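Novice: Structure, please.
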Amino acid sequence: QKAAAIVDRLRELIHREVGVTEKQLPVAGKTLYYWQLLPGDLTQLVLAMDDRCRPLTAWTADKNSISKAMKNLKASSVPEDFSTCLDFAQRALDSESFGRGFQKKIAIISDHFHEVPANSPYPILQASVGGPMDNLAITAFEIRLRGGAANGYEVFIQVHNFSPRDKKVTFSIHTDKVLLGEETLSIPARGDESRSYFLNQLDEPAVMASITAVSSKSGADGFSLDNRAYALLPSRQRPVVLLVTEGNIYLEKALELDPSIQVTIVKPKNFSSSLAKDSQVVVFDGPCIAVDKPALYFTPHADDSCPFAGSDEVQFPELLPIRGDHPVTQGVTLVDVRINKARHLIPLHGDTELLRDKAGPLVLARSDGDSKSIAFGFDVTQSDLPLRIAFPILMHNCISWFVGEHEDMGSEEHNVGSSIWLPDWAKAHSVIKAMDGTISHPLVLGHKALFRPRFPGFFQIESKDHSLKLSVNFNRPQESRLAAKAVPGPGRISFRGGTVPQVLISGFDNTETRHTPEHWPSVLLACAWLLLFDWIFFCFRMLF
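Specialist: Numbers count the residues shown, from 1 in each chain. Take a look at the predicted model:
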């Protein structure tokens with residue numbers, strides 16, 4: 001895999017830089033490598049580069065110390081901050097005095113070449129380790145609640161093919177214990193393939209998406225870190241709806257069958273302001289009482305406390321088309337609804353007329369800051385509205401407009417290396433548990449706790465009385481593209497195994513060096529041509 005291969009090459013290059021000779025020992029048909037330290041006075045400061053610059057050693061000429069530091073080098077999942085690390089290296093050289101006869105130089109070992117400043121005060125040599133590889137990556141994985149009153153979740157995924165060849169992968173959605181679904185995807189060269197799925201309710205909140213190559217014949221996937229994505233199922237907050245009615249079976253069933261809400265039913269004589277305080281929405285069937293909660297009124301009776309006033313009564317009103325640009329009326333049509341009798345409502349400034357006839361409004365929506373209310377000027381039992389599919393949709397839209405359904409539709413996405421501000425209850429002593437059991441602690445800046453994940457997965461943040469789970473993904477297209485810039489130039493060399501280039505051992509002469517391609521493909525092609533000509537001449541001799 002890419003990260004492990006780079007670490008191995010880094011170790012080898014650093015060994016050669018500190019004065020190490022490589023020897024081969026054939027054992028049982030395999031070649032083993034070991035290194036022997038050579039005398040020298042090369043003083044080095046070894047730095048590891050990711051989103052920050054981490055010194056692995058102090059300034060030292062002790063080859064054993066450098067070798068020990070290289071053995072502890074580990075690959076990082078965090079994208080690099082090259083400019084910061086280069087600036088750190090230059091400042092380290094500026095601040096150190098080595099005496100006469102020493103030359104100050106910088107060596108950059110990476111999987112691609114970087115753009116370095118032309119006016120650098122010190123010679124810079126870049127060594128590019130390895131070569132381009134095919135890679136596929138999950139570039140999007142989102143789970144959202146299904147819209148409306150439907151149970152379950154909507155899943156969206158996207159897989160990108162960074163290679164110049166078409167690829168086939170097996171995509172799967174699963175938890176830690178259960179496979180939820182699997183599909184084979186054909187992804188065009190340098191293209192994307194997207195899918196959407198539905199998931200039913202799950203007991204486990206942590207869901208993962210994974211891709212695996214169908215066959216290794218077309219080239220292996222070069223990077224495993226972007227082959228898995230993580231997501232937490234978003235939780236829907238079920239608001240409590242208080243229905244005040246004498247026994248309207250249509251309203252009761254329309255609300256009770258909506259799985260996104262909780263319904264409490266009371267009779268008008270038992271209604272009290274304390275019951276309204278424990279609810280998020282109040283639905284009045286007949287009574288018209290002003291409350292400090294979002295309220296839905298059916299056939300409001302005009303009195304001093306009613307926020308809606310009615311006017312004349314009309315028999316069998318001829319309805320005009322419903323207003324369709326309001327959240328309550330989305331996906332609903334009422335133009336052919338039959339109503340025996342209704343009462344026109346008197347709108348106030350700012351009210352929205354959702355339904356009316358030629359004489360006046362029959363349904364009004366009112367929004368005054370955080371206070372929202374809706375009034376229907378007719379009794380649903382005096383119409384055929386409850387017999388239509390529009391009725392439960394209309395009721396759900398009213399509740400959703402009151403409580404703001406969009407606020408909990410999806411889960412928040414976090415990326416490797418990003419800064420995640422934790423809730424106020426998280427402190428410096430809070431514990432962050434990773435999937436592999438690793439334990440760390442948040443960084444506290446001022447009065448806020450900060451977490452910067454350095455690898456993807458699920459993380460559990462725990463305090464004395466609180467707990468929070470986060471999902472972190474590796475969505476870094478620039479890192480998943482394994483055909484990085486490899487344009488040769490001054491001070492640039494390509495190292496792909498074999499003998500370490502002499503320029504890396506002897507010094508920095510600003511020469512332009514290219515990696516010499518292997519000759520076996522040309523030899524195989526030449527053999528194929530010779531066999532072809534030999535077969536043609538053989539056939540010629542046999543026929544003539």
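Novice: Tell me, please, the helix or strand in the chain that averages the lowest pLDDT.
Specialist: strand 30-37 (a mean of 39; mean pLDDT, DSSP states H and E).
Novice: what's the next secondary structure element after that one?
Specialist: Later in the chain than strand 30-37, the nearest helix or strand by DSSP states H and E is strand 47-49.
Novice: Note down every partner strand of that next one and its orientation.
Specialist: strand 53-55 (antiparallel) (DSSP bridges).
Novice: Give me the average confidence score over the partner strand.
Specialist: Taken as a whole, strand 53-55 has a mean pLDDT of 86.
Novice: Which stretches in the stretch 201-350 of the chain count as helices?
Specialist: 249-256, 273-277 (DSSP state H, counting those that start in this stretch).
Novice: Comparing these by mean pLDDT, which bottoms out?
Specialist: Looking at the helices of the stretch 201-350 of the chain, the bottom one is helix 273-277 with a mean of 85.
Novice: got a list of contacts for that helix?
Specialist: Contacts made with helix 273-277 from outside it, assessed by Cβ atoms under 8 Å, 6 or more residues apart in numbering, are listed as 242, 264, 266, 282, 291-293. C-beta coordinates here come from the backbone N, C-alpha and C atoms, glycine included.
Novice: Give the buried residues for that helix.
Specialist: Residues of helix 273-277 classed as buried by neighbour count (16 or more other Cβ atoms under 10 Å): A276.
Novice: And that helix, how far out from the chain middle?
Specialist: 41 Å (Cα atoms, centre = their mean, to the nearest Å).
Novice: In the stretch 351-500 of the chain, where is pLDDT below threshold?
Specialist: Along the stretch 351-500 of the chain, the parts satisfying pLDDT under 70 run over 405-412, 484-486, 496-500.
Novice: all strands in it, in order from the N-terminus.
Specialist: Applying DSSP state E, counting those that start in this stretch to the stretch 351-500 of the chain gives strands spanning 352-356, 361-368, 371-376, 414-415, 420-421, 431-433, 439-440, 443-445, 448-451, 457-462, 467-473, 492-495.
Novice: can I get these in JSON lines with distance to L42?
Specialist: As requested, the strands of the stretch 351-500 of the chain are arranged in JSON lines below (distance: least, Cβ to Cβ, whole Å):
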{"stretch": "strand 352-356", "distance to L42": "78"}
{"stretch": "strand 361-368", "distance to L42": "74"}
{"stretch": "strand 371-376", "distance to L42": "74"}
{"stretch": "strand 414-415", "distance to L42": "39"}
{"stretch": "strand 420-421", "distance to L42": "42"}
{"stretch": "strand 431-433", "distance to L42": "40"}
{"stretch": "strand 439-440", "distance to L42": "36"}
{"stretch": "strand 443-445", "distance to L42": "37"}
{"stretch": "strand 448-451", "distance to L42": "40"}
{"stretch": "strand 457-462", "distance to L42": "40"}
{"stretch": "strand 467-473", "distance to L42": "40"}
{"stretch": "strand 492-495", "distance to L42": "18"}
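Novice: Read off the pLDDT value for the nearest residue to F455 once chain neighbours are set aside.
Specialist: Sequence neighbours aside, S77 is the residue nearest to F455 in space, at 4.2 Å (criterion: Cβ to Cβ, 6 or more residues apart in numbering). We have a pLDDT of 81 for S77.
Novice: coming back round to it: mind checking which of the strands of the stretch 351-500 of the chain is nearest S480?
Specialist: Set against S480 and scored by Cβ to Cβ, these come closest in strand 467-473, at 11.8 Å.
Novice: For the closest one, buried residues please.
Specialist: 468, 470-473.
Novice: who wins for proximity to P132 among the strands of the stretch 351-500 of the chain?
Specialist: Of the strands of the stretch 351-500 of the chain, nearest to P132 by Cβ to Cβ is strand 492-495, at 11.1 Å.
Novice: Now do the contacts for the residue positioned nearest the centre of the chain.
Specialist: In the chain, the centroid-proximal residue (Cα atoms, centre = their mean) is E413; its distance is 4.7 Å. Shown in contact with E413 (Cβ under 8 Å, 6+ apart): 142, 231, 471, 473.
Novice: ok, the residues you listed vs Y297, which is closest?
Specialist: Closest to Y297, out of all of these and judged by Cβ to Cβ, is E142, at 38.0 Å.
Novice: In contact with that closest one, which residues?
Specialist: Here E142 is in contact with 155-157, 231, 410, 413 (criterion: Cβ under 8 Å, 6+ apart).
Novice: which stretch of helix or strand covers it?
Specialist: strand 136-145.
Novice: Check the average confidence over that strand, would you?
Specialist: Rounded mean pLDDT across strand 136-145 is 90.
Novice: give the contact list for D278.
Specialist: Neighbour list for D278: 240, 242 [criterion: Cβ under 8 Å, 6+ apart].
Novice: distance of it from K269?
Specialist: Using Cβ to Cβ, to the nearest Å, we find D278 at a distance of 18 Å from K269.
Novice: what do you get for C53?
Specialist: As judged by Cβ to Cβ, C53 and K269 stand 74 Å apart.
Novice: Tell me which of these two has more neighbours.
Specialist: Set side by side, C53 and K269 show more neighbours around C53, with 19 against 8, by other Cβ atoms under 10 Å.
Novice: For that one, give its distance to Q460.
Specialist: 30 Å.
Novice: hmm, back to that, and of the strands of the stretch 351-500 of the chain, who's closest to D166?
Specialist: D166 lies closest, by Cβ to Cβ, to one member of the strands of the stretch 351-500 of the chain: strand 467-473, at 25.4 Å.
Novice: How far does that closest one sit from its chain's centre?
Specialist: On Cα atoms, centre = their mean, the centre of strand 467-473 falls 12 Å from the chain's centre.
Novice: Surely S196 is in contact with Y153?
Specialist: No. Using Cβ atoms under 8 Å, S196 is not in contact with Y153; the gap is 11.0 Å.
Novice: who's more crowded, those two?
Specialist: Here S196 and Y153 are compared on neighbour count by other Cβ under 10 Å; more neighbours surround Y153, at 23 against 9.
Novice: how close does that one get to L42?
Specialist: Distance from Y153 to L42, by Cβ to Cβ: 59 Å.
Novice: Same check on V116?
Specialist: 22 Å.
Novice: Return the set of buried residues in stretch 164-182.
Specialist: Result for stretch 164-182 [16+ other Cβ under 10 Å]: buried residues 167, 169, 171-174, 180.
Novice: How about residues contacting that stretch?
Specialist: 134, 136, 155, 157, 159, 161, 183-190, 195, 197, 199, 202, 204, 206-215, 218-219, 221.
Novice: what does stretch 396-404 give?
Specialist: 148-149, 237, 239, 241, 258, 260-261, 280-281, 294, 296, 327-332, 365, 372, 374.
Novice: Quick one: mark the members of the residues you listed that sit in strands.
Specialist: Among those, DSSP state E puts 241, 281, 296, 365, 372, 374 in strands.
Novice: bridging residues for the second one?
Specialist: Which is V281. Assigned bridge partners for V281, using DSSP bridges, are V241.
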